[in-house]
Each structure stands twice: as C-alpha cells, then as structure tokens.
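Enquirer: Sequence and computational prediction follow.
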Number of protein chains: 4
Amino acid sequence: MSHNTFGHLFRMTTWGESHGPAIGCVVDGCPPGIPLTEADIQGFLDKRKPGQSRFTTQRKEADEVAIISGVFTDEKTGKQVTTGTPIALEIQNTDQRSKDYGDIKDKFRPGHADYSYFVKYGVRDYRGSGRASARETACRVAAGAVARKVLPGVTIRGALVQMGPHPITRENWDWGEVDENPFFSPDPKVVSHWGEYLDALRKDGNSCGAVIEVVAEGVPPGLGAPVYAKLDQDICSALMSINAVKGVEIGAGFATAAMTGTENADRMRLGDDGEPVFLSNHAGGIVGGISTGQAIVARFAVKPTSSILTPVQTVDKAGNETDVSTKGRHDPCVGIRAVPIGEAMMALVLADHYLRHRGQTGKG
Amino acid sequence: MSHNTFGHLFRMTTWGESHGPAIGCVVDGCPPGIPLTEADIQGFLDKRKPGQSRFTTQRKEADEVAIISGVFTDEKTGKQVTTGTPIALEIQNTDQRSKDYGDIKDKFRPGHADYSYFVKYGVRDYRGSGRASARETACRVAAGAVARKVLPGVTIRGALVQMGPHPITRENWDWGEVDENPFFSPDPKVVSHWGEYLDALRKDGNSCGAVIEVVAEGVPPGLGAPVYAKLDQDICSALMSINAVKGVEIGAGFATAAMTGTENADRMRLGDDGEPVFLSNHAGGIVGGISTGQAIVARFAVKPTSSILTPVQTVDKAGNETDVSTKGRHDPCVGIRAVPIGEAMMALVLADHYLRHRGQTGKG
Amino acid sequence: MSHNTFGHLFRMTTWGESHGPAIGCVVDGCPPGIPLTEADIQGFLDKRKPGQSRFTTQRKEADEVAIISGVFTDEKTGKQVTTGTPIALEIQNTDQRSKDYGDIKDKFRPGHADYSYFVKYGVRDYRGSGRASARETACRVAAGAVARKVLPGVTIRGALVQMGPHPITRENWDWGEVDENPFFSPDPKVVSHWGEYLDALRKDGNSCGAVIEVVAEGVPPGLGAPVYAKLDQDICSALMSINAVKGVEIGAGFATAAMTGTENADRMRLGDDGEPVFLSNHAGGIVGGISTGQAIVARFAVKPTSSILTPVQTVDKAGNETDVSTKGRHDPCVGIRAVPIGEAMMALVLADHYLRHRGQTGKG
Amino acid sequence: MSHNTFGHLFRMTTWGESHGPAIGCVVDGCPPGIPLTEADIQGFLDKRKPGQSRFTTQRKEADEVAIISGVFTDEKTGKQVTTGTPIALEIQNTDQRSKDYGDIKDKFRPGHADYSYFVKYGVRDYRGSGRASARETACRVAAGAVARKVLPGVTIRGALVQMGPHPITRENWDWGEVDENPFFSPDPKVVSHWGEYLDALRKDGNSCGAVIEVVAEGVPPGLGAPVYAKLDQDICSALMSINAVKGVEIGAGFATAAMTGTENADRMRLGDDGEPVFLSNHAGGIVGGISTGQAIVARFAVKPTSSILTPVQTVDKAGNETDVSTKGRHDPCVGIRAVPIGEAMMALVLADHYLRHRGQTGKG
C-alpha cells in the first residue's frame, strides 16, 4: 500500500496516465503454474470498457490487454502458465483526443483532483485528468482477473444497488440479471426507472452517485490478521482507493449503529455436516478482522461524476475567480462502471490474504 | 499495515493481550527533538479509560503509560525530547480478574472473534478475548498522542454523533460540550435522552451501536499519494481496524450516492488572502486522495457490543449447540470509548502522510 | 526492513537503549501452535551474554528474557505455545553504571556512531552509545531463538574463523569444539594462540577485528525470490545490520573473483536417492537468489572494537580538537560475541523466507 | 525489498524476461519537477550495453529506453519534468535468437539459476535464463539514472579494481581513465594485461570473476537509519541483488578484520571551514549505519560467468547424469558490465534514503 503498489504477497503496481501512450501494471508474487492467457483477463476488461451503452462515456477504447512477461508454456500440459515472476500487463491508449484542454488546463474543476495534485506536485498532466483519471482502474480490473485465478472455489460478484436516491428492491435480487442490463442491476424491475432518471440527468448536464455491493462466496475461514492487517480493513482500503468512492461498509455496515446487540448477533447452529452455520450475516463474513467462511459482503458509495456540463464556480491557476463546465465524454454515473472495479479490488485483497494466511499457518 | 504494525514512515507496532501482564507499542520513525513526556500521553489515555461513568465498563484500569525508550534530555532546553529512535510505550494490566472464564473458554460468542481466531490459529487466549480485546486500543491512543506532536498546527477532535438509532442535532454542535458529558456528545441537548436510552438497554441486558465523527483541522494541503496511498484510503483503513467498526465514510460519504453533481460540487472562490476557498465540504477535505487544506471529516459506525447478558444461540468447540450469555463488565455502547481511539487513528495516519509528503516533495 | 523492523512475514521490531530501563522486541507473524517458553530462548542469550570470560566485556547483565505476550496454553498438550499474535520479549537492563560519561558526552569517538547520530538527529543518548549500542543485539538473539523453532529440520551454527590477522586452519574444523572455548573457535588448536594475541592487545589498550562464519544445514530448496528478495541478498542485509560489520560474503565469496568458471562451477551428479547432489559448494547453497538444498554458508567481517583505551584524535560538539580514550568495560574483540548474533540473523532471514515461500507456492 | 520491488520511498519495480518482447520498470515515489528525458537515461544504458568490445557478449541490443508515463511539460520552463506519479520505463528486446535451446532447456547449468528456479516454481522460462538473466539489470541502470537526478550534488562512479586474480595498482587510480578502456579500469597500466588474460580465457572456453568498487561523493551526512535501515545494510542488499555477486564490503571491509583498533580509527580534526574532517576513511563513509559526509565506498565481488564453453558435469530434468556446455554469446567476465549496474544500485539506495531522511527529519 505504498504509492502505486497494492498488496503484500500478491502485489499490483500500476502506472500510466489517461492520455499517455499506454497504461499498465505489474502483478508480482503470483503463484507459479496457474494457466493464464489474455482471454482470461479480457472478459473482465470488457465489462469495465467505456461506450457499452448510452449511459457511459462515449470514449471508444478497445482496452486490449497484452501479457508482456511472467508466463511460459508448461511442458506437461502445453498450456501457458504463470512462472512466479512478475506479470506485466499493458493496455494501449487509442482514443485520447487530447487536442483541446483549454479550459481544464488552467481551471481547477471542483470535485476533481486538479487542485490537490497542483498544490502537492506543482505540475500536473491535465489531459483527461492524467494519473487521476479513472482510466487507471482498467489496470485494477486486469490484475483482479489474475487474482481470481489464485483463489480456488471463490466466486466474486458485484452489482449496483442504488442509483442516485433510488435503491433496488432487495427482494428482487437475481444475480442472473446483473449482466442483462446496462447498469449491473440485480433487480430487473428498477432498470427502466434508472434509465429514465439517468437520461433526464444527462440532458440536464448533470450526474448522480451510486452504491455498489460486492459479494465473495466460498472464501475459506481464517483469512485476515489482527490487528492492522484485518481483512475488512484491507477490503475497505482497497475499495476506498477507487476514484470517487466516499464510503465503505461491511455486512450490515452503518445500519449496525442503530441496532441492538440482540438484533445484530449472528447466532450459530450446527449444519447438517456438523460444521457451524450462522443464522444471519450482519457481520458480512468477517469477525475480528478474520473471515468466518460466510459470504463476504461489502458496499461502497460513489459520488456523482464531477465532470458536468453545468457551469460551477471555481478559480484558476493564475488566481482568478471563474466558472468551469466540463465538456467531453463523461459517464453521468461513474458508479456503473465501478462494479467490475469493485469486484477486482475484492479479488486482489482476497488473493493477497490467501497467500499471507498460507504463509503464516500453512493452511489453504 | 502488516500484521500488528501500522504506518510507513511513522509506524506503530502494538502487542499484548487483555489479560497478560502488560500491553504496549513501539512508535518508530518519529522525528527527533520533539518534547515528549508521559504527561503528554496520559490525558488521552484517561479519556479512553474504562470506568469513567456508569455507561462504560466497570473494569478499573489505571492505564498508566511508561515511556521505556526513545527519549533523552535535550541539553539546550533541558527538556525530555524524542531522539528519532523507537519509542517503546508500556501499560501494565492491573485488573484482569481472569479466574472464571468457564463459559467463554469453550463457547464461541456471536459477534466476537472467538470462532474466527480459533479456525485461523487453532489456539486462542480466551481470557478477556486475548489479542482481540479492545484493550489493544489503549496502545493506539498512546501512539496517537505522540503522532499529534508531529503535526504542527493540526487540531484533531472526535465526537459521538449517533447512539443507537438516535443522532445528534447538528445545529446544536458545540465542540466545547464534548468533554462535558459521558458520551462525548457535541450536542448537549441529546445527552439526557441518550442516558435514558442506554440505561434501559443495560437493564435489559442489551447493547447498542453508534456513529463517531472525527475532524482534523489545519491539515496542510498535499498530504496523500495516488493511487494506493490515498489519504482517505489510509484513514478508512485506520478506522476500520478499530474493533467493532463496520463502516467508514469521508465528507458527505454515503449521502453523496443520492446527490447530483451540481449538489455535490464544492465550489471554489478566492478568500480575503487571495487563496482558494471552498464554499462547501462534501469532499471532507480530500480530493483525488490528497488533502485540499479543508477540514478532514471522517465518520465510522460501531456495531453494538457483542458481549451481552441476554443469552444467544451458539455452538462450542466440542461441536455442541448451546446458548451463551456474557457476564462480566462490558460497555453497553463501545462506540463511546471509540471517540478517542478514532482521534488517535486519524493522528497516526496524518503524521505518517506528513512525513511521507515531506520525504517526496520536501514540503511541510 | 524499515527503521527498526526486520522481515516481512516473520518480523522483528526492536527497541531500547543501552542504559534505559529495558530493551525488547516484538516478534510478529510467528505461526501458531509452536511450543515456546523462556527456556527456549535463554540458552542463546547466555551465549551472547557479556562477562563469560576475560575476553569479553566485564559488564554483568543477567540478560533474562521475559515473554510478555503471544503465548498461551494449548489445551490438548498442556504446553505453552505461540498463538499467532505478537510475541513481546523483554530484557531488563540491570548494570548500567551511567554515572560518568563526561568524556563521551561531548566528544565524538572515532568509529562510533556518536558523530553520525548527532548530525542526523541533533540529539543522542550518549550513555553506553544509547540505541547504537551492541546491547540491541540481545533482542536479535532472542527473536532468533523463536525463528529457529519455525524452521523444521534446519540447523544453524556459527563459528569464529579469523581473529585479527589469524585465521583458523579449516582442516581442524570441529563443530563440537565451538562451545568448548571462549572464542567460539571450531579449531581447537588456534585457541591458545588467539588467547595470547588478545591478552596482549588488551594490555596494550587496543582491540582487533574478526571474521565469523554461519552455516545453515537442512534448508529446503526454493527459499528466496527474484530479484529483490533474493535469499543471499537478505542474508547479507541481515548480517550487515549487525554493529561493526564491514563485509559479508556467501559461499566462496570474494575468492570467486580470482577463480575461473571451470574452477567455480559446482558440478552436479545424482545421489544414491536419485536426487541431484553438488560436488562442491562455492555457491554457498544459493543460486539465482534461491536456496538449492545445499548448506548455506555466509561469512562476515567485524571491525576492531572502536572503544579503546589508547587516546585518538577527535573533535567535540563545541567544535574543538581534542583526544578521546574510552574507559569502561569493552570487548577487545566484539567479533566473538557476534557469533550467536550472526546465527540469530540467519535464523530470522530463513524463517521469513520459509513463510514467504510457503505463501507463494504452497510448499514447505 | 519485496519480490521485484526495491526501495521504500523511492521505489523501482522491474519486470520482463531475457527473451520476452520487452523488459521494463516502474519508478515510483520520484519527487516532482525534476527535468527528465530519455537522453538522461540512455547514456547510462549505453555503458552497460552488450557488444561494446570483444570482451563482452556479442548480443546486439539497442537498449533504447522509452519513458511511457510520469513526465509532463512544465509550463514555466517548457521542459519535460517528473510529475510525482509512476515513471514507466520500457526497453524492447530486439535480438533474442531463441530458436535453439535444446541443451539448456532440460539440463541444469551449474552456477545458473536453472535448478533453483525449477525446484521453487516447477516451471521456468529457459530462453536466455528468462527472469534470471542479467538482462534485467538494464532496468536497474535506467532507474538508477532517474535516482541520480534526485540527489543534488552527489557524484557516483564505479570502476573495476580486480579481474580474476589481477588487481589494479591503487596508486595509479585515475577516474578519467575509467571510460577510456573496455574494462572500466581506473588504472591504465593494467589494461593491456587484463586484455591478454581475458583473451586467453575466452579462447580456452573459460571465464573469470572480478571486483568492482563504487564511490559516492557529496553524500550529505545523516542518511541511513538504525537499526534495520542502515545505509550500509541497504547498499549491501542492493549490490548483493545483482546477478553473480557473492560478496560485498564497505570501506576497508574484510581487511578491518585483520586491523587493530588504533589502525582502524578514522581520526577527526577540524577543517579550514571549522567543520569536522576525517584523517582516513576505513569506515567507507558510514558509521552506525548513517553517512558521515565522507565518500561512501563499496566493493562487490562477481563470480566467473557460469556460461562457459567447457563442458561440466550436471544432471537433467529427467534425472540423468550428463554434461553441459553453454554455447551462445556470453561475457567472459560479467564483472565488467557490472560497473554501471553497481553505480545504479548505489544511486537507488541513496535516493531512497535521501527521501526517507528528509521525511523523518525535514533536512536535505
């Protein structure tokens, strides 16, 4: 978790700006012998890719990943596998359109990292927000695809559970629906409503926030370590590192504040196999920072896209008061494309803790 | 953030169990030449100390801290100052009462780390929850007191803003009131109401959750680093590592999900001194993972105390279904004592990032 | 390897000054379930302890270690075992004699860290060299004793192979002799010669350097990771961190520079069990940064004790030229007591890499 | 220092195999605002580049570096400068010749990482040694060129001081000669002798080792931190991580073992400016793990190239005894090209410690 590196044993280092020649990452510490080709990664990148519907930015990026290192042919199987050495992944930037940044070059867009980068570094790549662009998250999704392969028997899925002020109806939850609509909604009944809401916002030059839920099933108990490498701590850290995220919660989350101890307690019984089962999952699968074997449930809130057509008051580098409106191609709700990113970050944390747990205890 | 160490340049490593002879921590990387005595630390420990009112556990711990290393007399001033070498802090455990743990020894208390520690490690110190006890947080408070001294001109304060389902009225906010009531409430009008609510819960053998807000003022702009050492990311990680925390948010947090881009934008103008000022602070002082100079605002949700007198269903180590009720001295609302802990974690993150920022940029 | 912490998965953080109330360390990341009592540690500390013969400092320290946390009774065996949580070890300082430091307080002793600490930190604990004292190495030895227990089937032994200009005769090497003489010499025939040499130096108010060899047998192949976590790299780092060490080598070390490729090649054949065996060990058991299964052999050079009675030219803090001679109780050859310290550092590196290798590959 | 990342605040992560499409690295944590173009890096790469004389491998690699991210035009100066975000550097592999690896594919070459990689990972890229190839060191040299720019007023230079059994005559040392001969020898008189020696070895299908010395002048005092981030410790770690290095020493190094305390003491006087000066530099510029302001002097021993034409006994993957001789284009003395690599590693360590020191103390 230093600078641009995430993870301890299973590590990802990302690099690149929105309008440079390419972006990429180095996945380090991956176990050897895992089958891995570009095809294993590309499907997840396609989910995140812009321009998939009218509800996301019209920037057209192929987002084709290339594996540059860290794999080789396994003689026994003839398959391309990981070698245990660093896996370099690279994605060319193909649709930068960096001709005109007149306004953004000198004005600080509220909600963007323009001002904070400028005061920190004194220089910034203003083209498409440079390093602060959500384009960096393509690398997370690519690395997350590798992380998934490290986790035997684990299923990680995400869904949009609130758009603007409009939540899903949880009774309608159907994982099968998530990939059938442009919002990754698990509730098919909310889709048309969300579409109308978002169309209206777009026409109005405005944007909205969202809440995403990520669920990991099949996670073995015992992952996570007290007291500063807690699994929920690292999941929160991972999700909070995604652009525009302003809140994270595990299990019942903020709602637990209003609960009593008797309401919140996840009672235990024995299952048919004689193993402990929990009668509820307010804990979200993690107690004392360590996984219990229940599904891990995390949610994160994404603020409304800061790039809006509606002019807002700001100042410029020269110290003048002015207004700024952000032209160009932007997602009216960046929360939508945050779904595969949230999944990827969950995968990265779990893969890292899986290896760390195995290191300390020999289990797994 | 590995195992029991928190931080990169300014680091804290904690150790100790609830019912061992002592607990302690090593604060490493502290700048030299900072005046530091036990008195600088003790006041913060006293705020966290149990037994201060009928609303917290009646365990009586003096919680007296001793500085064992890392300080020496500065010849010029005659004051005891930090030397730049590791500062070892130690607190003796004086009121363990570990005679009787019959029930807890073999039964997994729902919501406690009993089960997860057991499946991870195969052995656990069940006395007072061992390492999983909130007693560890005394070390955080002690280290946080050192961290505060590293941060010139920064004020870090916390308050309880919701107890169970009862929030404060934000219009009544008065920092001066926080230390005048047993709940660290900034709203004096809610105090008697909270008292009645908590008394009723206690009599009922029950407990409740809470929400704490921590505010850091005077933080220089530029702290934090993209993209995996973001300041908000590290604050979330720090707060989430506190026992019983289930959610964390920055600035407007989860509420931003329901906002539009025009509502959420923190508009900028020029202040009287010609420096940029923000007209609102939905961002909570952090944009793009970097501080802007505005007040940093974080909130975290604490679940209801899991140790309750009311029996709940569970299983034991031998694989039997049973009930467990937790006798002993427990806080009905652990959120109260989480206020100074949250402040300490904020201080630790800021001190670390202050040094890291100075390292990379030479500023500060 | 940050500040005062060594290791990644198996970590040690040390604290304390020579003349403070105590020194200690926190061993973090230890696997659970390993039997551990003070007796497992004390024997190694006794080897390092001063005052064992006339050839080491006459400072009398009991060096009794106390385990303060991280162990608990295993119900099945009744034995005290590690719990997987941080193991705090503490040693009281009992013989400080800090009354008189007049000379050392203001003068920079050549070869000591007096000047470099002063220019770095602006303040230093001059009593017994404070944090720069070799007393810190007692913590390494204690932590190393824990590390040994993590390594199944590994034997780590050290010996003094050169005192001043006088090397042992390698043909005389007998591990059984090492603990039978005050120098940890594996060559019984050199002992009386070394004794006379050191007696003469001591009478002369002088000191000498030494070379120590540490050998680890039974190390599984595969430990170490390219390219910046090489096993030999981390062993060198560990040994170089010991006070007064000025050089480190692995296997044939510096002698390989004068060899040809045909001389240096460790030829391979098949052993009786059909497993590869090496016909020589110039590599010292490590190739490409990874252990091969051969004995790991490291050597390190310790400079002559800087604390000598003979006056040498120096300057003081006030900026005057002066002479300094170091009174007090000092080892004429600090290399002797470096033997158990070198062993401990080897154990710490191997334990860390054993867990890291298990984490990444699942082996071990 | 984890896996393939080196450094803490100033960090380098390298990736790539000898015969993959490219190699590269990510330099993270670089201060912003430093002028940087490919030209600043290329000169150092050219020094390391193969095929410069008949004494190095005839592999022809252009080794042209491209900066892919982390730089932008500074508006004020019009120069391309670092932005504080990750600097991705990439070098295409252009002369792989990977058609024929028949022998090496299945046989373990003594002295190479063939066997150790195989037992660790179970799979390895045998083409040109894959990740274990010295080709990785081109990335170090590139990153080292960036590191140099972080260090104001520091000069880092290296030289070959021994080839096989033949050392230079130190009295002949002339830094101006180093780039005037194919061996980076500072002693012009030894050059023809070394040439004859190496020619003879090459004709004989053999190879030799070497010793390299690296000197850093102008290093500010105070860099390095006790006790596990000592400057000499990190320099040793850095140099030991270079392929084929078997020993490292600082200052007088192993020779100090044979010295007395009076001989070894670096006496101090006051210089003309009233600042302390040392009358000798046995310490190599580092005492107590902290720089003193004197020149930092390190030496490292490189073993003879393991790839030799002379057949040596070995075994193969199928478990047969056999012989192996390494055809192809190899350096008869890899120590020669290790000179710029050693300089680069010194620069990387100093840059990291420079930032860490500034972080903790505010100096520099």
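Expert: Cool, got the structure.

Enquirer: Next one: whichever strand or helix holds residue A:13, is it in contact with chain D?
Expert: For residue A:13, the element it lies in under DSSP states H and E is strand A:11-16. Yes. Part of strand A:11-16 sits near chain D under the criterion C-beta under 8 Å from any C-beta of the partner chain, namely A:11, A:13, A:14, A:15, A:16. (Glycine included, C-beta is placed from N, CA and C.)

Enquirer: Need the residues you listed in a markdown table (columns: distance to residue B:319).
Expert: As requested, the residues of strand A:11-16 next to chain D are exported to a markdown table (distance: C-beta to C-beta, whole Å):
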| residue | distance to residue B:319 |
| --- | --- |
| A:11 | 39 |
| A:13 | 45 |
| A:14 | 46 |
| A:15 | 51 |
| A:16 | 53 |
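
Enquirer: Pull the number of nearby residues for the residue in the stretch 251-364 of chain A that chain B sits nearest to.
Expert: Closest to chain B within the stretch 251-364 of chain A is residue A:288: 2.4 Å, counting by C-beta to the nearest C-beta. Residues within reach of residue A:288, counting by other C-beta atoms under 10 Å in any protein chain shown, total 26.

Enquirer: Equivalent analysis for residue A:51, please.
Expert: So residue A:51, with other C-beta under 10 Å, has 14 neighbours.

Enquirer: same question, residue A:272
Expert: 6.

Enquirer: got the contact list for it?
Expert: Under the criterion of C-beta atoms under 8 Å, 6 or more residues apart in numbering or on different chains, residue A:272 has no contact partners.

Enquirer: Dump stretch A:220-233 to PDB, restricted to CA.
Expert: The C-alpha coordinates for stretch A:220-233 follow below in PDB (Å, rounded to 0.1, in the frame of the first residue of the first chain):
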ATOM      1  CA  PRO A 220     -12.200 -20.000   3.400                       C
ATOM      2  CA  PRO A 221     -12.300 -19.100   7.100                       C
ATOM      3  CA  GLY A 222      -9.200 -17.700   8.600                       C
ATOM      4  CA  LEU A 223      -8.200 -15.000   6.100                       C
ATOM      5  CA  GLY A 224      -7.100 -11.800   7.700                       C
ATOM      6  CA  ALA A 225      -4.800 -11.000  10.500                       C
ATOM      7  CA  PRO A 226      -5.100  -8.900  13.700                       C
ATOM      8  CA  VAL A 227      -4.800  -6.100  14.300                       C
ATOM      9  CA  TYR A 228      -3.600  -3.900  11.300                       C
ATOM     10  CA  ALA A 229      -4.000  -6.500   8.500                       C
ATOM     11  CA  LYS A 230      -7.600  -7.200   9.200                       C
ATOM     12  CA  LEU A 231      -9.500  -8.500   6.200                       C
ATOM     13  CA  ASP A 232     -12.300  -5.900   6.400                       C
ATOM     14  CA  GLN A 233      -9.700  -3.200   6.900                       C
END
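
Enquirer: Going by distance to chain C, which of the residues of strand A:11-16 next to chain D wins?
Expert: Nearest member of the residues of strand A:11-16 next to chain D to chain C, counting by C-beta to the nearest C-beta, is residue A:11, at 11.0 Å.

Enquirer: What residues does the closest one make contact with?
Expert: Taking C-beta under 8 Å, 6+ apart, one finds A:5, A:27, A:28, A:29, A:352, D:2, D:3, D:5 in contact with residue A:11.

Enquirer: Tell me which two of those residues sit farthest apart.
Expert: A:352 and D:5 (14.3 Å; C-beta to C-beta).

Enquirer: got a pLDDT number for the residue in the stretch 101-250 of chain A that chain B sits nearest to?
Expert: For the stretch 101-250 of chain A and chain B, the shortest gap (C-beta to the nearest C-beta) falls at residue A:113, measuring 2.4 Å. On the pLDDT scale, residue A:113 is placed at 94.

Enquirer: now swap in residue A:99 and tell me
Expert: 60.

Enquirer: Residue A:55 now?
Expert: 82.

Enquirer: show me the contacts for it.
Expert: Per C-beta under 8 Å, 6+ apart, neighbours of residue A:55: A:182, A:183, A:195, A:198, A:331, A:332, A:333, A:336.

Enquirer: Now the residue in the stretch 201-350 of chain A positioned nearest to chain D, what are its backbone angles?
Expert: Residue of the stretch 201-350 of chain A nearest chain D, by C-beta to the nearest C-beta: residue A:317 (8.7 Å). Taking degrees, to the nearest 10, you get phi -60, psi -30 for the backbone angles of residue A:317.

Enquirer: and it, how many neighbours?
Expert: Using other C-beta under 10 Å, the number of residues around residue A:317 comes to 14.

Enquirer: List the single closest residue to the residue of chain A found nearest chain C in space, sequence neighbours excluded.
Expert: At 2.9 Å from chain C, residue A:359 is the closest residue in chain A, using C-beta to the nearest C-beta. Spatial nearest neighbour of residue A:359, chain neighbours left out: residue C:359 (2.9 Å); criterion: C-beta to C-beta, 6 or more residues apart in numbering or on different chains.

Enquirer: number of nearby residues for the one you found?
Expert: Residue C:359 - counted by other C-beta under 10 Å - has 27 other residues nearby.

Enquirer: and it, what element?
Expert: Counting by DSSP H and E, residue C:359 is part of helix C:338-361.

Enquirer: Who are the packing partners of that helix?
Expert: Contacts defined by 3 or more C-beta pairs under 8 Å, 6 or more residues apart in numbering or on different chains; DSSP states H and E place helix C:338-361 against helix A:338-361, helix C:38-48, helix C:137-150, strand C:155-163, strand C:210-217, helix C:231-240, strand C:296-302, helix D:114-121.

Enquirer: for the record, mean pLDDT for it?
Expert: 98.

Enquirer: ok and that helix relative to strand C:155-163, angle-wise?
Expert: 140 degrees (axes from the mean of the first three to the mean of the last three C-alpha atoms, to 10 degrees).

Enquirer: Tabulate the CA atom coordinates of helix C:338-361 in CSV.
Expert: Extracted C-alpha coordinates of helix C:338-361, given in CSV (Å, rounded to 0.1, in the frame of the first residue of the first chain):
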residue,chain,number,x,y,z
ALA,C,338,28.9,-11.7,17.2
VAL,C,339,28.8,-15.4,16.6
PRO,C,340,25.4,-16.0,18.3
ILE,C,341,24.2,-12.8,16.7
GLY,C,342,25.1,-13.9,13.3
GLU,C,343,23.3,-17.2,13.9
ALA,C,344,20.2,-15.4,15.0
MET,C,345,20.1,-13.1,11.9
MET,C,346,20.5,-16.2,9.7
ALA,C,347,17.5,-17.8,11.5
LEU,C,348,15.4,-14.7,11.1
VAL,C,349,16.0,-14.5,7.4
LEU,C,350,15.3,-18.2,6.9
ALA,C,351,12.1,-18.1,8.9
ASP,C,352,10.8,-15.2,7.0
HIS,C,353,11.7,-16.7,3.6
TYR,C,354,10.3,-20.1,4.7
LEU,C,355,6.9,-18.4,5.3
ARG,C,356,7.1,-16.3,2.2
HIS,C,357,7.9,-19.3,0.0
ARG,C,358,5.0,-21.3,1.6
GLY,C,359,2.7,-18.3,0.9
GLN,C,360,3.6,-18.1,-2.7
THR,C,361,4.0,-21.7,-3.7
